[in-house]
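# below: sequence and its predicted model.
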Amino acid sequence: MNFRTPVGTNDILPPSSRVWSYVIDHFSRMCVRTNYDLIITPIFEESGVFQRAVGVDNDVVRKEMYQFQDRSGRDYSLRPEQTASIVRSYVESRPKYLPWKVYYWGPMFRYERPQAGRYRQFYQLGLEAFGSSDPSLDAEIISLAWDFLVDLGLSDLELRLNSLGDEACRPGYVADLTKFLDSVKDKLCGAHQDSYQRNPLRVLDCKTEACLEATQDAPFQRDFLCEDCRDHFKSVLELLDRFAISYRQDSRLVRGLDYYNRTTFEICSTSLESAQNAIGGGGRYDGLVRSLGGPDTPAIGFSIGLERLVSCLENQSPVVIGRAHQSHEPIIFLIDVTSSGKASQVFRDLSRSGINVARDYGDRSMKAQFKAADRSGAWVAVIIGDDELSRNSATIRALRDQEKLRALLQVSVREKYDGRSCGRQDELESSGQVEIDISDIEVFFNKVFIPKFSRHISLASQ
RNA sequence: GUGGCCGUAGCUCAGUUGGUUAGAGCGCCAGGUUGUGGCCCUGGAGGUCGGGGGUUCAAGUCCCCUCGGUCACCCCA
């Protein structure tokens, strides 16, 4: 019997993993540009971190946590989400300067039945900012999430926003809502007939006809916001308007984790075919630091599901997918039929000089090596045969896009660098390939050919 | 936790009312042809038909159990 991945988990394999690495890289750059620093926390924490943060009544904690005892009997859980760990880390390390802005990406774990867009080990990327309740921070966070997705080429996105109020106005609202639900409880869907008392807000988020109908005239938070919350929310909306980010206010939007207050948001893709169409979301959690034992510190963040994001991209962003693959393609494939070990040396030198390079192994026939070169997606072959070896040279031949690349090779080999040209151009006309000294190979590619080549590539991908 | 559909080569699938050594295409490997690779030709490797039990002279085909995949409910990323 062969081993396989555990239920609900899967390997992220090439070529799809190229998209992952591209997306994560894109995200990291954006975060660095906006002054967020990488944070890496343990993948498991004391269970209490999540129980306290997410809420013991929440499904995520009640029945979805990978909770276990280690060999010393300590009660740990694999993280079902990242925010709680980061808050724990904030409280533990007490950063000197505020705001404290951090970003992350990594695996999360929830014990659920897998289905399209839902896994037991899944990946999120996101960011959190601590130490300011300025509504412009809310707008910054929302716009970062939005722009990140839009810049990746996604278009069928919908941003929904809500304000959940704060400790001043929420309790009154919840009491009112509960009273209302008491009066219509017979009309609620089966799942919520009892559970509405534990978490009344969830009922508003229920998609069943029964609950939707029963709660049509329910009180909504927007009518209960205190003045501070109302002003705060209004400022956030005004900034989003200025950014020309379109959104929809949705009074039924209640996020699944209990720590949220004030601004909450969710981004869905209408093009995602599965039932799990929320790509990401987030919001404020001004009370969370305190409830994990820290000083009163407002905070806000968002997270995005990588599997869902990548599947959106694969559906509707061919340009980005192409670019992601291209960034991993070898430019050069080394073909060596001399069994002299020359390829090993050239491979090492070229790769260390910064060029994506690939090769074959096992001294196979030239035909086999060319086939491997084709499959690798490399743009040119660098061939070392017996003739070349005796002259200490290599032949360069275009593999893809031959007409253009031959022209580029032709120009490159004639171009002077440091007062001389690298190649012997005499053979070019007839065979469409050039021969250059091995000692010139790094200069030829790095200084002459690749600069032209990158321009050719970027023109081609436009 | 509940339910629908599905499990035959690396991949996509054929396998007729149960009947001899289980097939195809693609992919892979080797050889030939070739303008040093892409096309074409020849050959080859690779399957305990998810696993276990049962019915039968005979099971990939029928029955039961089980494991896995997938989608949906629920929940959420």
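Happy to help now that I have it. Numbering: from 1, shown residues only, chains lettered A, B, ... in the order given.

# helices and strands of chain A: which one bottoms out on pLDDT?
When each helix and strand of chain A is scored by mean pLDDT, DSSP states H and E, helix A:428-431 comes last, with a mean of 57.

# and the strands in the stretch 151-300 of chain A?
Assigned by DSSP state E, counting those that start in this stretch, the strands in the stretch 151-300 of chain A fall at A:157-163, A:248-249, A:261-269, A:278-284, A:299-305.

# now do the last one and strand A:261-269, the angle between them.
Taking axes from the mean of the first three to the mean of the last three CA atoms, to 10 degrees, one finds that strand A:299-305 is oriented at 20 degrees with respect to strand A:261-269.

# run me through the strand neighbours of strand A:299-305, direction for each.
strand A:121-130 (antiparallel), strand A:278-284 (antiparallel) (DSSP bridges).

# the longest one too?
Counting by DSSP bridges, the strands paired with strand A:261-269 are strand A:157-163 (antiparallel), strand A:278-284 (antiparallel).

# cool, and the shortest one?
Taking DSSP bridges as the criterion, strand A:248-249 sits next to strand A:157-163 (parallel) in its sheet.

# check whether the partner strand contacts RNA strand B.
No. Judged by CB under 7 Å from any atom of the strand, strand A:157-163 makes no contact with RNA strand B; its nearest approach is 11.6 Å. Yep, even glycine has a C-beta here, placed from its N, CA and C like the rest.

# contacts for that strand next, please.
The contact list for strand A:157-163 (CB atoms under 8 Å, 6 or more residues apart in numbering) reads A:142, A:146, A:149-150, A:221-222, A:225, A:229-230, A:232-233, A:236-237, A:240, A:245-254, A:262-270, A:279.

# quick one: pLDDT of residue A:426?
We have a pLDDT of 55 for residue A:426.

# I'd like to know which of the contacts of strand A:157-163 are buried.
A:142, A:146, A:149, A:221-222, A:225, A:229, A:232-233, A:236-237, A:240, A:245, A:247, A:250-254, A:262-269, A:279 (16 or more other CB atoms under 10 Å).

# same for RNA strand B: which of the residues you listed are within range?
Answer for those near RNA strand B (CB under 7 Å from any atom of the strand): A:266, A:279.

# quick revisit: after the least confident helix or strand of chain A, which helix or strand is next?
strand A:433-437 (DSSP states H and E).

# deepest-packed of the strands paired with strand A:261-269, please.
Highest mean neighbour count among the strands paired with strand A:261-269 (mean count of other CB atoms under 10 Å): strand A:278-284, with a mean of 24.

# can you put the strands paired with strand A:261-269 in JSON lines and add mean pLDDT?
Supplementary listing: the strands paired with strand A:261-269 in JSON lines, determined by pLDDT from 0 to 100:
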{"stretch": "strand A:157-163", "mean pLDDT": "94"}
{"stretch": "strand A:278-284", "mean pLDDT": "94"}
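
# for residue A:382, give me phi and psi.
phi -110, psi 110 (degrees, to the nearest 10).

# what does the one 3 residues further on give?
Here the main-chain torsion angles of residue A:385 (degrees, to the nearest 10) amount to phi -110, psi -170.

# how much space between residue A:18 and residue A:329?
The gap separating residue A:18 from residue A:329 is 9 Å, by CB to CB, to the nearest Å.

# the two: which is more packed in?
residue A:18 (19 against 15; other CB atoms under 10 Å).

# so which strand or helix has the more buried one?
Element membership of residue A:18, judged by DSSP H and E, is helix A:16-33.

# near RNA strand B, which residues of the stretch 201-350 of chain A show up?
Going by CB under 7 Å from any atom of the strand, the residues of the stretch 201-350 of chain A near RNA strand B are A:202, A:205-208, A:255-257, A:266, A:273-276, A:278-281, A:303-305, A:307-308.

# just the buried ones from these?
Buried members of those, scored by 16+ other CB under 10 Å, are A:202, A:206, A:255-257, A:266, A:276, A:278-281, A:303-305, A:307-308.

# specify which member of the residues you listed is nearest to residue A:391.
Set against residue A:391, the nearest of these by CB to CB is residue A:307 (52.3 Å).

# which residues touch that closest one?
Residues near residue A:307 by CB under 8 Å, 6+ apart: A:117, A:119, A:122, A:123.

# got phi/psi on it?
phi -60, psi -50.

# same check, this time on the one 3 residues further on
The main-chain torsion angles of residue A:310 are listed as degrees, to the nearest 10 and equal phi -60, psi -40.

# minimum pLDDT in the contacts of residue A:307, which residue is that?
Within the contacts of residue A:307, pLDDT is lowest for residue A:117, at 90.

# please look at that one and residue A:279 and confirm they touch.
No. Residue A:117 lies out of contact with residue A:279 (CB atoms under 8 Å); the separation is 9.4 Å.

# so which strand or helix has the closest residue to RNA strand B within the stretch 351-462 of chain A?
Nearest residue of the stretch 351-462 of chain A to RNA strand B: residue A:370, at 2.5 Å (CB to the nearest atom of the strand). With elements taken from DSSP H and E, the one containing residue A:370 is helix A:366-376.

# I'd say residue A:319 and residue A:154 touch.
No. Counting by CB under 8 Å, residue A:319 stays clear of residue A:154, with 11.4 Å between them.

# which one of those two is surrounded by more residues?
residue A:154 (21 against 12).

# quick one: contacts for the more buried one?
If a contact means CB under 8 Å, 6+ apart, then residue A:154 has A:269, A:312, A:313, A:316, A:317 as its contacts.

# quick one: these as CSV, columns for pLDDT too.
Formatted as CSV, those follow (pLDDT from 0 to 100):
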residue, pLDDT
A:269, 89
A:312, 90
A:313, 91
A:316, 85
A:317, 88
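
# so residue A:3, which state does it fall into?
coil (DSSP: H, G, I helix; E, B strand; the rest coil).

# burial count for it?
Neighbourhood size, residue A:3 [other CB under 10 Å]: 5.

# go on, the one 4 residues further on?
Around residue A:7 there are 10 other residues, counting by other CB under 10 Å.

# wait, it sits on residue A:114?
Yes. In this structure, residue A:7 is within contact of residue A:114 by CB under 8 Å, at 6.7 Å.

# quick check: neighbours shared by those two?
Taking CB under 8 Å, 6+ apart as the contact rule, the neighbours common to residue A:7 and residue A:114 are residue A:120.

# got the CA positions of stretch A:375-389 in CSV?
Extracted in CSV, the C-alpha atoms of stretch A:375-389 (Å, rounded to 0.1, in the frame of the first residue of the first chain):
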residue,chain,number,x,y,z
ARG,A,375,10.6,20.0,-22.3
SER,A,376,12.4,22.3,-19.9
GLY,A,377,11.0,25.3,-21.7
ALA,A,378,14.5,26.8,-22.1
TRP,A,379,15.0,29.5,-24.7
VAL,A,380,18.4,28.6,-26.0
ALA,A,381,20.6,25.5,-25.9
VAL,A,382,24.3,25.9,-25.1
ILE,A,383,26.0,22.9,-26.7
ILE,A,384,29.4,21.5,-25.9
GLY,A,385,30.4,18.8,-28.3
ASP,A,386,33.8,17.3,-29.1
ASP,A,387,34.6,20.0,-31.6
GLU,A,388,33.7,22.8,-29.2
LEU,A,389,35.6,21.1,-26.4
